[in-house]
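Participant: For reference, the sequence and a predicted model appear below.
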Amino acid sequence: MQYRKLGSSDLNVSRICLGTMTYGQQNTEAEGHEQLDYAFEQGVNFLDTAEMYPIPTSADTQGRTEQCIGNWMKGRGNRDQVVIATKATGPADMVSYLRPDIHHNRDNIRAAITGSLKRLQTDYIDLYQLHWPDRATNFFSQLNYTHAPEKDGTPITETLQVLKELVDEGLIRYVGLSNESPWGVMKFLSYAEALGLPRVVSVQNPYNLLNRTDEIGLSEVLMREEVDLLPYSPLAFGVLSGKYLDDSAAPEARLNLFKGYTRYLKDLGVKATAEYVQLAREHGVDPAQMALAFVNSRPFVGSNIIGATTMDQLASNIASIDLTLSDELLKGIEAISVKYSNPCP
């Protein structure tokens with residue numbers, strides 16, 4: 001396994017991060033523990049979760065993922081060997097069951113961190129992330145930005161003040177963002193510098209061969225400001241493995257279970273995927289490992305958040321860290337990327 005310091009922090013994280021959003025729904029707690037044991041044995045020390053997981057979220061299942069991880073750490077006695085990242089939920093109709101009026105304000109963040117610490121059975125969180133912005137902006141593949149500042153929620157400065165309290169109290173070590181724009185990242189950084197508030201060390205956004213939009217604007221911010229990207233959906237919900245091209249995906253595969261997740265099944269996305277899969281096979285590499293290795297190789301990536309529902313998938317995804325893409329293969333990837341420019345943003 002490879003490791004690096006995350007952004008400007010002193011968190012030494014594995015280049016592969018284990019995403020856990022299936023634990024408690026697609027995966028039982030026992031299966032989650034099996035995955036965690038294997039990943040830990042392979043040198044993965046970085047785990048990502050959220051208060052609202054598993055996904056799809058619901059009042060019946062919310063919190064199960066953090067509970068699964070908490071029980072695993074308690075049973076193994078390895079909390080000091082694991083870097084834990086979790087998230088405070090932002091405002092949205094889909095999470096209205098969580099708290100009456102969700103925002104990134106003091107009451108909500110305090111409630112969120114209290115719940116996460118209890119479920120994770122720990123005294124502190126290494127990386128505490130804001131799951132999505134508390135303002136009128138685009139995320140989750142939205143297009144057509146509409147400027148509506150009157151709909152903004154908690155001011156960024158107020159949110160940072162609350163996070164500083166949590167840092168000062170030892171409840172969290174570092175702060176990260178998620179589903180955030182270049183403007184948002186820079187505002188968090190500028191306020192932190194001007195007011196002596198916690199500095200963002202990471203941004204967790206979708207990034208994969210079908211969606212490289214973070215290279216436009218955000219990648220410069222990340223590299224100039226020493227903030228790392230934590231890419232999620234590096235396999236585009238498993239689409240880049242090629243298993244949905246010929247209907248070979250199992251009935252319990254994520255996109256077969258949850259029909260609403262069509263983001264990466266747009267016509268151009270499917271065509272681009274077919275060419276990426278063919279390219280990988282021409283070079284004798286596994287398509288999923290090629291897609292992951294590409295993400296692993298990006299200089300602005302701190303740790304690649306993989307996910308799996310089976311042990312075979314998990315082993316293959318972790319093994320992508322050992323795959324180095326040839327110059328010829330990278331040229332082929334770029335040619336397809338030019339032909340299908342971000343087909344699934």
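Facilitator: Ah, there it is. Numbering: from 1, shown residues only.

Participant: Show me where the stretch 151-300 of the chain has its helices.
Facilitator: 156-168, 182-195, 218-225, 254-257, 267-282, 287-296 (DSSP state H, counting those that start in this stretch).

Participant: mind checking which of those helices is nearest E29?
Facilitator: E29 lies closest, by CB to CB, to one member of these: helix 254-257, at 18.6 Å. Bear in mind the C-beta positions are built from the backbone N, C-alpha and C, glycine included.

Participant: Can you give me the buried ones in that closest one?
Facilitator: For helix 254-257, the buried set under the neighbour-count rule, 16 or more other CB atoms under 10 Å, comprises R254, L255.

Participant: Who are the packing partners of that helix?
Facilitator: Judged by 3 or more CB pairs under 8 Å, 6 or more residues apart in numbering; DSSP states H and E, helix 254-257 has no packing partners among the helices and strands.

Participant: Low-confidence bits of the stretch 201-345 of the chain, can you list those?
Facilitator: For the stretch 201-345 of the chain, no stretch has pLDDT under 70.

Participant: Against R99, how distant is the residue minimising distance to the centre of the chain?
Facilitator: Taking CA atoms, centre = their mean, the centroid of the chain lies closest to Y232, which sits 3.6 Å from it. According to CB to CB, to the nearest Å, Y232 stands 24 Å off from R99.

Participant: same thing with G260?
Facilitator: From G260 to R99 the distance is 24 Å (CB to CB).

Participant: what helix or strand does the residue lying closest to the residue nearest to the centre of the chain once chain neighbours are set aside sit in?
Facilitator: Take Y232 and drop its neighbours on the chain: the residue closest to it by CB to CB, 6 or more residues apart in numbering is I305, 4.7 Å away. Secondary structure from DSSP states H and E places I305 in strand 304-306.

Participant: Which other helices and strands does that strand contact?
Facilitator: Looks like strand 304-306 contacts strand 16-19, helix 287-296, helix 311-319 (3+ CB pairs under 8 Å, 6+ apart).

Participant: Contacts for the first one, please.
Facilitator: In this structure, residues lying in contact with strand 16-19 by CB atoms under 8 Å, 6 or more residues apart in numbering are 1, 35-36, 39, 44, 46-48, 85, 230, 232, 296, 303-307, 317-318, 320-321.

Participant: cool, the longest one as well?
Facilitator: Under the contact criterion CB under 8 Å, 6+ apart, helix 287-296 has outside partners 15-16, 207-209, 231, 234-236, 238, 240-242, 276-277, 279-281, 283, 285, 301, 304, 306, 313, 316-317, 319-321, 323-325, 329-330, 333.

Participant: Buried members of the residues you listed into PyMOL, please.
Facilitator: Command for PyMOL, covering only those of those found buried under the criterion 16+ other CB under 10 Å:
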select buried, resi 15+16+207+208+209+231+234+235+236+238+240+241+242+276+277+279+280+285+301+304+306+313+316+317+320+321+323+325+329+333
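
Participant: is it true that G7 touches E226?
Facilitator: Yes: proximity of G7 to E226 meets the contact threshold set by CB atoms under 8 Å, at 5.7 Å.

Participant: So between those two, which is more surrounded?
Facilitator: A direct count of neighbours by other CB atoms under 10 Å for G7 and E226 places G7 higher, at 23 against 13.

Participant: how far away is the residue nearest to the more buried one when sequence neighbours are not counted from H104?
Facilitator: Spatial nearest neighbour of G7, excluding adjacent residues (CB to CB, 6+ apart): V201 at 3.3 Å. For V201, the distance to H104 equals 17 Å [CB to CB].

Participant: Deepest-packed of the helices and strands packed on strand 304-306, please.
Facilitator: Ranked by mean neighbour count under mean count of other CB atoms under 10 Å, the helices and strands packed on strand 304-306 are led by strand 16-19, which reaches a mean of 27.
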